[in-house]
Every structure is written in structure tokens, then in C-alpha cells.
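Novice: The following comprises the amino acid sequence and a computationally predicted model.
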Amino acid sequence: MPARLKAVSVRLAQAVPVIFGVIVISFLLTRALPGDPAVQFAGPAATAESIEEVRRALGLDKSLPEQFLLYLGQLARGDLGQSVSTGQPVLSELAARLPASLELTLFALILSCAVAIPLGVLAATRPGSLVDQLCRILVTAGVSLPTFFTGVVLIYVFYYLLGIAPSPLGRLDFIYLDPPHVTGFFLIDAALDGDAETWFAALKQLILPGLTLALFTLAPIARMTRAAMLSALSADYIRTARAAGLDRNKILYGYAFRNALLPVVTTLGMVFSFTLGANVLVEKVFAWPGIGSYAVEALVVSDYAAVQGFVLAMALLFVLLNLVIDLAYSAIDPRFGTSAR
Amino acid sequence: MLSVKDFQVAFKTRKGEVNAVKGISFELARGERLGIVGESGSGKSVTSYALMRILDANGRIKAGDAVYSGIDLRRAAERDMRDLRGREISMIFQNPRAALNPIRKVGHQIEDVLRQHARATRQDARKKAIEALEAVKIHDAEARYDAYPFELSGGMCQRVVCAIALACDPKLMIMDEPTTGLDITTQKAVMDLVDGLVKARGMSSILITHDLGLASEYCDRIVVMKDGRIVEEGAPTALLGTPQHAYTRKLVDATPRRGVAIRQLLPAEDRRPLAPHEIKDTPLIEVKDLIKTYQGKSGPVQAVKGISFTIREGQSVGLVGESGCGKSTTSSMLVRLFDPTSGQILFRGADLAQMPAADFARSPLRGKIQMVFQDATDSLNPRHTARQSIAEPLKRMTDLRGAAQAARVEELASLTGLPAHLLDRFPHQLSGGQKARVGIARAIATDPDFLILDEPTAALDVSIQAVVLNLLADLRARLGMSYLFVSHDLNVVRLLCDHVIVMKGGEIVDSGPVEQVMDAPAHPYTRELLSAAPQAPIPAPAA
């Protein structure tokens, strides 16, 4: 156990320079973007003086190192600055939007794991069977259909044609009030509040975008589960277990599946991180008030503080995610943190 | 107890059905120890998997009968077979570390079997698992219960595999190459242990092996298999003393043992006289106080503790010892892949240890010191043809280009006995012996003076091993090379080497001319190694 603990704290310590690097790069990159935010925010009718005034107000008249030091100082106080386009503090906007993105991504991932992992296991235990073919079709469809396309098709079928889905406009239909803020996850907050009606309404809104993302993430998870299961099932220790007369379920789930989980967890981490970044398209299609759409909007108008805040939030999230994956690893694999791994 | 009749096993492959076992019959009496001997591809392992009905999904028993104590093993329901496995018939495997679930405590793996066969309840499973570990003489079984396979040595893992196999008191034990990959002393310890338990419990056993010596030591009767058929069977002494079948004869001849010369491993018609190799008095390699220290978890670990020896021009030196004795580290330093921590490696008087291993690749001496690797398959690039593999060192270290290079490759192929039409094949299209030839041709491409042979025949069948050893002996005489032959098989070292060095725990414990060290071993450790090697009761052939 101490070996694992040490390995985990080493990972955490390794994250510090990474985060600092992210801060520097996001700062420099936003400045390197074409377009002058002062001109942008001064408006079309601005004179040279008013642009200068805006520039001073934004602190952009100072030299880059000076700006960077000021930015670091702000960060140290936990202040991510103010978004120029919305006038809101970046921190509070991220805090409001991040749970929306996380709720969507997590919901989609749980959905896709619930389908992909059993599907991969079944396909691996019956190679060449109908289930295996189905798995192959789903995987191919999942990777080849872009999310904005699946999203629009789902809206067309379930909202427009069948009318069973609510209008794809955000996290909650306008006739409902947001549940009291606890975690920011509507499903959890509504459940805590005991408000079944709002809970169902939030779930309804979540299903279509969740499905869209789930279909996209299904492919890598199902494929990796199948491959990992196949390689685990052909391992020598499975032969030993069979020769010892262990029953099929014990061999499949007790021996093969636990070993196959290792690569699956790795894939899950990768899928989670790219989904979090890539779900901006889904957020746009479903008018989902997440951080992806926030970041894109901020980027378009060179809203430095908002973009930097977004990048930093993502970096922190990734560090956290990697830590969770390492913890999951150490729970599954006793070799974690030792020289054998 | 077990009666097998006209047994056939077939596999469905992309190229159609392949018959692995083509109708074999044998009987096994209660308490009898049967050996199945054969080279790779003979169908000996497949037979045992088929009897246990644990063939891969594409394999099936095609015809014949196998009856175990009145139970029809071919037609029994899967449920009944499951009941039988582990409780009546158990099996242990080669490569014990891989045969254990890497992420489950060994104690739990034993409990799984006990619980499966209702030999233990939730309450007493732990106690019984520890008893099973004690039965295979694992020290401190209580603590080992919580160990994972990666924390145990190979020999210890094999004991755990035995504990799993023996936990439910089976009547028949099938051992599939149980000691492949284990050291010679560990091999003896494991085999003695299992054999003792088999005898003490009145069990029967089937030992599947390619090693005639091992089979004759631990079996009452041996059947010899070739290409899915039994070619001969009999008691060990009779079978090995007067083999009737030509294949058995070849196998017996090829088995390295005391009192034979290297040529006598080959079939009688191939025994051309061996040209003598000349040993000069000038030293080629002088190793002085060589030390290698690794940074281990709990402080520095000294893998090689200041060893010194000399290899003269033309001399072949055997380096033997168990795994972990430092022989691989030593050979890696000599071939200049590792940097020694301190000490000298003098090659014709020039100290190679001065040059970092990373720079040695560009040294003109690189071509003079070459290596033949243990695994002929893994040491060849799977995407390079034999021709490309052999040409690789020529491209890097010589000026030969174009036609001259092609001619050299063909010369090397003919030197190593590789037919020219095989040069354009990829490794997977070559047999084990052919791949070994490619590896040797590559090593001698740059005309080296010193060749390090790292167990070059460990993965080969005995008849192929005999051919490769003879090839190495021929090349040595023809090209005047010196060898450092790293091996754990003393019988093989005796055949090829003039001088032998015995290492243990990073130190040289014994060394001297082969005849002296091996025929009249002075050091107790050398004696232990020699007595651990199974000796096939084969009468020395008339010269």
C-alpha cells in the first residue's frame, strides 16, 4: 500500500509543472491569436482614443511579462478575471457551466459503458457470432457518424417526427425552475430536492444529447473491451483455471474480465478527456449551456480571461481525471507502483 | 485407469482442417508414471489438452476413445468434465509465472479450486489453502498466501501451480513441460517434489517433455511421439538403450550427455570428421575486476562482484550458472551493451570498458565482437527477410554495397547452411533451426573474432540443437573465432567448450578446463549443478 500511495503522490507532484506550463502556454497563445480585443470591444463606432481607453482598461497596454505577472497574481488570489463579452467573473461562469458539461459527459459515458462493455465481452466470448457482428456494426457506425449529424438526426426523429422528446433547448424546459444549486448536476440536485417532476424533465432533456455522445464514445470502449477480453481469454492463466475445473462464470468474470479491465480503464480515461473537449458540437446542437460552447464563443471574440480560465479548468480536470484512473488502476492491479509495472 | 484408443485431434484453421494427433493408443495403469516425449509439433501437448477437453475453440476430438475410470472423456457432458478437472485429473504447465492469474493472490487462486470442488467452505478455505501451500513445501505458507505471482520466483510460482493442481487430491497428474524456463537446480527441486507427492499419494502421472533425460528419470514407461503418432514405447532403459525406430534413434543420439563428442549427436550418416580448432596462447579478452552495480529499490545491488578471467584466441569458454548469477549481465558487458561500474575489459590489450556502451556501436571494434541471441524468433525483425537481416550489419559496419554485399550475404548463408532460396523469406516462414542459422549468419557477417552465444539453442528441439551446435563447432574451426557460450545446460557446454566458468551470486566460484571442472568437480556448487542435470541412461556410442 505505501508503494501505491507513493506512486499516487508522485503523480500529483508531476502535475504541478504541467499546470504551470498550461498557464504559460494558454497565456501566450491567447495573445498570439489574431485580432485586437481592444478594437473588438470598443465597438464599430470607436475612435482611436476610445480604443486606447479600452486597451488601458483591459490592461493590454502593459508589456507581456507585466501582464503575465499580474495574471499570476490574480490566479494566486483565486481570481480568473472577468469575461469582457459577458461582464461576468470567469470563475462564476465556469462554475455554472462546468457541471452542465460534466453531467452530459458522465451521463453519456455511463450510458455507453453500460452498452459497450457487455457488448465487448459478449463479442469476445463468441467471436464470429451474431453478437460479434452487431458489435462490429455499432463500432463502425459510432466512429463514422459525426456527433453533429447523429444529434440532428435524433432531434429530427424523436422531436420533430415522433414528438416524444422535449425541444432541444438547454438543460431544462422553460416551464421548470432550476433545482436548488447544490452540486450543479440537475439530476442530483433535483433528486436531493425530492422533486420528481423536475428530475424527469431534466432527464428528458439529457437523453438525446447523451445518446449522441454515447454513440460516439461507444466505439473505442467496445472495441477495446473486445480486444482486451480476447487477449485475456487466451492467456495461460485461463488455461490453468480451466484445467482446475473452475466454472465458466468464474473464469470469465473472476479471471478474464478483471485482467481485461486494465486496458479498458485506460481507454475510458482517454475517451472521457477527449469527449469533454469535443462535446462542444453536441452542446451547440442542443443549446446546452456547457463550457465547450462558452470557450468557443470566448475564443471568437478574443476574450482572453475566459479562454485562459477554460484552458486552466480543463487542465485541472485532466490532472484529476488521471489521478482517478491511477487510483482505479491501483485498485485493480497489485503491480501498480512496483517495479513490475 | 486411463485408456486411449485410436485418438485423433484436429484443428480448424484458415487452410482447412489440420490433424494434430493422428490416432494414438496407450494405457495408463493406476500408480504408473508415463512419459510422452516428442519434439515441437508432435502433438504431445495437444493430446493432453484433448484428454482434459480444454482444447481451443477451433480444436476437437475427431475420432477414437479415451476412457478414464469408466468415464468416456470424449462424450462426457461439459458439466461432468468440469467436475473431473482438478478433482480427478489435474494439470501443471510450462511457464509457471504466466500460468497464474497475475492480479489475484495465490492463496485466493487455491481457494477458488477448493471451493469449486466443494473441498472447502468459506470458513475453512484459508486454512486449507495454506495447507495446500505447505504440501508443496513452500516456506512460510501463511505469508505466501497473500503474495501475488509477480512477487514470487519462477520455481515458487511452479510450486503454487502444483498446489492448485494437487489441492483436491486428484488421481492423475498431467505435467506439460513443467520445467521449461526453470533453472536446472529448480527443475530438480520441483520435479523431485511433484514426483514424491505423486508416489506418496499413489497417483498416476503423465509427463510431457522434449527432454529424454527428464523423462527417463521420472517415468516408468515412455512413449515417443512424432507428427501426431506414437512411434515407439517402452521402459526408459530399454527404449533409450536399444531404440528400434529410426526417429527414437535420432532423438537418443541428439541428446547431449556425458561421454559423447559433438559429432555423435548427429545421425550416423552426417558425422563428418570435425576439423580441430586451434587455441593460441595470446589472450583475446581479458576481464579484470569487473563490477556491475544496479540501483535497486533498497539500495545498490551488485550483480557482478569483481570477476576476472581470460579468453584466449580460438578458445571457447562456457559461462554457466543459475538465473540471477550474473552471467547475462557479464555477457552484456562483454558485448558492450552495458557499461560496467568498474573494471577492465581488454580486447587484444585495448580497454573496451573505457568507451561508453552508447558509443561502441560506432567503434571499428563493434564488428569484431558480436552476439547470437537466445530466442531466434524474437531477435529477428519480423518485417525483414532473412536476406535483410543478414545484410543489416554489413550496411552498418562494412563498405560492402550492391553486388558485393549480395554476394557476401549468399556466402554467409552457405557458410551457415541456409539454402539460398530461403533468403527471401520472413522469419515466420522459417523453421526454428533456419531462424537460428539466420541469427548466426548475421552475427558472423562482420567477421568477428569473438562471439557471445547467449543460450543459442535453448528454444530449439534436441535434434535441431544437435545440428546448430555442430554448425557452431564447424564455424569456429573454419573462421578461428573465440566463443563465450552462456548456458545453464552443462551437458551442452561440455560439448562445445574448452574451458568453463561457473558463476554464483555475481562471483566466479569455479573455473578450469572442461574435463577437470565437469568430470572431477572440486567445488560443491559445481557438483550440485552437475547432479541436478538429468542424465539419460543412454549407453555411450561406439566411436
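Specialist: Perfect, thanks for sending it. Numbering: from 1, shown residues only, chains lettered A, B, ... in the order given.

Novice: count of neighbours near A:Lys250?
Specialist: Counted by other Cβ atoms under 10 Å in any protein chain shown, the residues lying close to A:Lys250 total 16. Where C-beta positions appear, they are placed from N, C-alpha and C, glycine not excepted.

Novice: okay, now the closest residue to it other than its chain neighbours: neighbour count?
Specialist: Leaving aside its sequence neighbours, A:Lys250 sits nearest to B:Asp112 (Cβ to Cβ, 6 or more residues apart in numbering or on different chains; 6.5 Å). B:Asp112 has 26 neighbouring residues, counting by other Cβ under 10 Å.

Novice: on contacts alone, who are the packing partners of the helix or strand hosting A:Ala227?
Specialist: Using DSSP states H and E, A:Ala227 falls within helix A:196-233. Packing contacts for helix A:196-233, counted by 3 or more Cβ pairs under 8 Å, 6 or more residues apart in numbering or on different chains; DSSP states H and E, involve helix A:90-125, helix A:130-144, helix A:147-154, helix A:186-193, helix A:258-278, helix A:280-285.

Novice: quick one: which of those is nearest A:Leu172?
Specialist: Proximity to A:Leu172 (Cβ to Cβ) singles out helix A:186-193 among the helices and strands packed on helix A:196-233, at 6.5 Å.

Novice: quick one: the spatially closest residue to B:Glu177 that is not a sequence neighbour from B:Ser45, how far?
Specialist: Counting by Cβ to Cβ, 6+ apart, B:Glu177 lies nearest to B:Gln94, which is 3.9 Å off, once chain neighbours are set aside. Here the criterion is Cβ to Cβ, to the nearest Å. By it, B:Gln94 lies 9 Å from B:Ser45.

Novice: what's the overlap in contacts for these two?
Specialist: Each of B:176-177 lies in contact with both B:Gln94 and B:Ser45 under the rule Cβ atoms under 8 Å, 6 or more residues apart in numbering or on different chains.

Novice: Identify each buried residue in whatever helix or strand B:Met81 lives in, please.
Specialist: In the assignment (DSSP H and E), B:Met81 maps to helix B:78-84. The neighbour-count check on helix B:78-84 (16 or more other Cβ atoms under 10 Å in any protein chain shown) flags B:81-84 as buried.

Novice: where's A:Gln40 relative to chain B, distance?
Specialist: Counting by Cβ to the nearest Cβ, to the nearest Å, the separation of A:Gln40 from chain B is 54 Å.

Novice: Could I get the contacting residues of that residue?
Specialist: A:Gln40 neighbours (Cβ under 8 Å, 6+ apart): A:301-302.

Novice: Could you look up the SS state of it?
Specialist: helix (DSSP: H, G, I helix; E, B strand; the rest coil).

Novice: wait, B:Phe450 sits on B:Val287?
Specialist: No - applying Cβ atoms under 8 Å as the test, B:Phe450 and B:Val287 come out as separate, 11.9 Å apart.

Novice: Neighbour count: these two, which is higher?
Specialist: B:Val287 (24 against 21).

Novice: where's the nearest residue to B:Ala536 once chain neighbours are set aside, which helix or strand?
Specialist: Leaving out its chain neighbours, the residue that sits closest to B:Ala536 by Cβ to Cβ, 6+ apart is B:Gly213, at 3.9 Å. Using DSSP H and E, B:Gly213 maps to helix B:212-218.
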